[in-house]
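>>> Could you work out the structure for the sequence below:
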Amino acid sequence: MTSGRKLAICFALLIVLAGNRTQAQTLYRVAIQQGVRVKMRDGVSLVADVYRPLSEEKFPVLLERTPYNRAGETQMANELAAHGYVVAVQDTRGRYESGGEFYPFRNESADGYDTVEWAAKLEQSNGRIGMFGGSYVGATQMLAAMAVPPHLVSIFPYVTASEYYDGWTYQNGAWMQWFSSSWTSGLAVDTMRRQADATQAPKEWVNTLPLRDYAVLNAPQPSALAPYFRDWLSHERDDDYWQQWRVSDYYSRMTVMGLHGGGWHDLFLKGSIKNYTGLQQQAATGEAREGQRLIIGPWAHAPTSPAGKIGDVVFGKAAVLDYTATALKWFDYSLKGIKNEYSRGAPVRLFIMGDNVWRDEQEFPLARTRYTKYYLHSTKSANTVSGDGVLSVARPAAEMKDEFDYDPQNPVRTIGGRLCCGQAIPPGPADQRPNESRPDVLVFSTPTLTEDTEVTGFITLELYASTSAVDTDFTALLVDVDATGYARFLTDGIVRARYRESTKQASLLTPGKIYPYTIDLWATANVFKAGHRIRLYLSSSNFPRFNRNLNTGEDIGGSSRSVRAHQTIYHDRDHPSTLILPVIPRRPN
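Residues are numbered from 1 along each chain as shown. Model (predicted):
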């Protein structure tokens with residue numbers, strides 16, 4: 001160890017017999033080298049801690065690149081290193097001790113490439129590199145893989161996206177306001193600290209006149225804390241700004257094996273699935289295509305309790321993901337060639353809610369899916385849970401239309417679901433009944449089910465609607481209603497009307513004209529038990545998960561003027577509004 005760097009020793013004296021390994025594995029003592037500077041191609045130095053097994057052997061290297069402070073990863077890094085890996089944990093550019101300025105996504109491909117190739121040359125490295133971590137740390141993996149560093153062999157991205165316009169910042173043209181705002185606010189804390197530290201020059205301060213110009217009183221402009229936030233608002237269309245980071249455009253170049261972890265209640269679920277299917281079908285080598293795995297649990301973008309509680313539902317201890325143990329098994333297979341469940345098991349593992357069990361599958365979506373059309377019906381009015389809205393496989397004939405008024409100043413409030421970050425509005429499954437009595441919520445339910453019905457896969461709503469406005473939103477939310485009336489969130493979706501044809505170009509509406517809309521509700525895996533009902537809510541807001549559409553068609557960044565919109569939903573013979581569910585035939589017990 002060079003002077004000025006700290007050395008720490010973590011002792012582990014056990015030898016563990018892993019049941020599905022070919023041999024016993026030694027747990028190594030670990031040396032930690034802190035504050036290692038890694039120079040990027042543009043001269044900026046990023047800081048990492050390196051954990052090494054105390055051994056003369058060569059090992060694969062596991063790399064985590066995080067904006068959330070590498071100091072918080074000590075426990076996991078120690079455990080990984082103790083199992084025979086060199087582990088490097090790095091602060092990404094502009095975060096904590098690393099140099100440069102942080103701007104999400106911008107430098108992660110180049111910095112990821114440079115860091116992977118640096119890691120390949122580390123003392124004790126055998127040249128095989130894996131990357132791990134969740135959320136933005138998953139993005140640092142996908143963006144690094146996009147650059148195809150020669151020594152990157154395997155990744156384990158957990159709850160992350162496949163692109164950063166649709167599914168990270170926007171969804172079907174609607175701004176994902178709660179996530180964008182809360183995530184940016186959290187990131188700004190370290191940015192503020194760094195900016196304050198940069199002004200620490202007391203000998204210069206004392207010479208300042210007039211005294212009211214004392215440096216501490218001249219705080220940085222708020223826009224300097226997160227300039228990217230304004231850029232995101234300025235680019236509400238899927239334009240060239242987003243193109244440069246669209247990971248899904250680069251699947252055919254990637255050569256990595258991947259274990260993709262997603263959560264049914266996670267706001268990046270669509271991207272987790274897309275990364276798996278895209279690489280499985282398009283990766284540059286046969287080894288990479290065959291080396292893709294997918295695991296989806298009931299998880300939200302938040303910790304799961306030891307009892308398996310997510311949101312306000314306890315799914316059981318089997319629902320708890322041991323991320324470190326899973327990472328070890330994955331990298332033992334993909335980097336060390338150890339035979340375990342990843343070498344011989346099914347490529348897809350799904351947690352089926354309702355039954356609350358894990359199930360292995362050969363593909364996603366499932367080949368045996370029976371896409372079933374549930375048509376929207378009502379004879380009087382579907383407004384509120386007291387209305388007569390029905391979901392049925394019977395095609396509509398001559399039917400009345402449903403109507404409601406959407407006021408942007410009184411939006412339908414988000415209750416749980418696919419949220420991040422913090423507990424101000426807790427993420428995960430939650431009871432949606434507080435919104436059922438609103439007149440601007442249409443409620444369509446099946447009759448009470450007489451047998452268990454499994455819905456696993458992608459869900460779509462084909463909707464026919466008109467509005468009095470030149471632009472508006474239509475929202476959909478699917479729930480599982482039990483015998484007590486508890487309405488458990490499953491999945492949701494939205495469409496911004498002016499982006500109904502393409503998110504690359506806006507097209508305003510003709511008020512009163514009927515348009516077809518497709519609302520992507522992403523995916524779920526749930527068994528609606530006998531005695532339950534399948535229920536769909538239709539409205540025009542889900543705030544603050546998505547920003548309120550002010551119904552004026554103006555760009556969202558600077559507009560504040562709003563108008564009410566009168567919404568009409570059609571479900572007749574010529575306009576068969578339809579919920580398409582991926583029904584899975586039940587196997588005999």
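
>>> By residue count, which helix of the protein is the longest?
helix 177-198 (DSSP state H).

>>> Check the offset of that helix from the chain's centre.
The chain centre lies 20 Å from the centre of helix 177-198; the measure is CA atoms, centre = their mean, to the nearest Å.

>>> for it, packing partners?
helix 227-234 (3 or more CB pairs under 8 Å, 6 or more residues apart in numbering; DSSP states H and E). C-betas here are computed from N, CA, C, even on glycine.

>>> in the helix it packs on, what's buried?
Within helix 227-234, the residues scored as buried using 16 or more other CB atoms under 10 Å are 228-229, 232-233.

>>> Run through who's touching the helix or strand just after that helix.
Toward the C-terminus, helix 227-234 is succeeded by helix 240-243 as the next helix or strand (DSSP states H and E). With contact meaning CB atoms under 8 Å, 6 or more residues apart in numbering, helix 240-243 is reached by 163-165, 231, 235, 249.

>>> Which PyMOL command selects the buried ones in the residues you listed?
Buried members of those can be picked out in PyMOL with the line below, counting by 16+ other CB under 10 Å:
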select buried, resi 163+164+165+235
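
>>> Grab the two from the contacts of helix 240-243 that are most spread out in space.
Spatial extent of the contacts of helix 240-243 (CB to CB) is set by the pair 231 and 249 at 19.9 Å.

>>> Surely residue 426 touches residue 311?
Yes: using CB atoms under 8 Å, residue 426 is in contact with residue 311, at 6.5 Å.

>>> Find the residue at the geometric middle of this structure.
By CA atoms, centre = their mean, the chain has its centre lying nearest to residue 268, at 1.8 Å.

>>> so that residue touches residue 161, yeah?
Yes: if you go by CB under 8 Å, residue 268 and residue 161 touch, sitting 4.6 Å apart.

>>> Show the subsequent helix or strand relative to the helix-or-strand element of the chain with minimal mean pLDDT.
Lowest mean confidence among the helices and strands of the chain (mean pLDDT, DSSP states H and E): strand 15-16, at a mean of 30. The helix or strand immediately downstream of strand 15-16 is strand 25-26, counting by DSSP H and E.

>>> Strand partners (parallel or antiparallel) of that next one?
Its sheet considered, strand 25-26 pairs with strand 15-16 (antiparallel) by DSSP bridges.

>>> Residue 493 versus residue 291, what's the distance?
Separation of residue 291 from residue 493 (CB to CB, to the nearest Å): 32 Å.

>>> Okay, now the unreliable bits of the stretch 51-200 of the chain?
For the stretch 51-200 of the chain, the stretches with pLDDT under 70 are 196, 198-200.

>>> Try it again at 50.
Nowhere does the stretch 51-200 of the chain drop to pLDDT under 50.

>>> The chain now?
1-24.

>>> All the helices of it, residue numbers only.
Ranges of helices in the chain, per DSSP H, are 74-82, 108-120, 136-146, 177-198, 202-205, 227-234, 240-243, 269-282, 286-290, 323-336, 341-344.

>>> wait, which of those helices is closest to residue 257?
Proximity to residue 257 (CB to CB) singles out helix 323-336 among the helices of the chain, at 4.7 Å.

>>> quick one: that closest one to chain centroid distance?
22 Å.

>>> Can you point out the buried residues in stretch 445-456?
Residues of stretch 445-456 classed as buried: 445-446, 453-456 (neighbour count, 16+ other CB under 10 Å).

>>> Which of the residues you listed sits closest to residue 296?
Checking the buried residues of stretch 445-456 against residue 296 by CB to CB gives residue 456 as the nearest, at 9.9 Å.

>>> Give me the distance between the two termini of stretch 499-516.
End-to-end distance for stretch 499-516, by CA to CA, to the nearest Å: 12 Å.

>>> Equivalent analysis for stretch 486-502, please.
37 Å.

>>> What are the buried residues along that stretch?
Using 16+ other CB under 10 Å as the test for burial, stretch 486-502 gives 487-500.

>>> and if you look at stretch 355-367?
Going by neighbour count (16+ other CB under 10 Å), the buried part of stretch 355-367 is 356, 359, 361, 364-366.

>>> ok, now stretch 301-318?
Going by neighbour count (16+ other CB under 10 Å), the buried part of stretch 301-318 is 301-302, 304, 308-311, 313, 315.

>>> Nice, that's everything, thank you.
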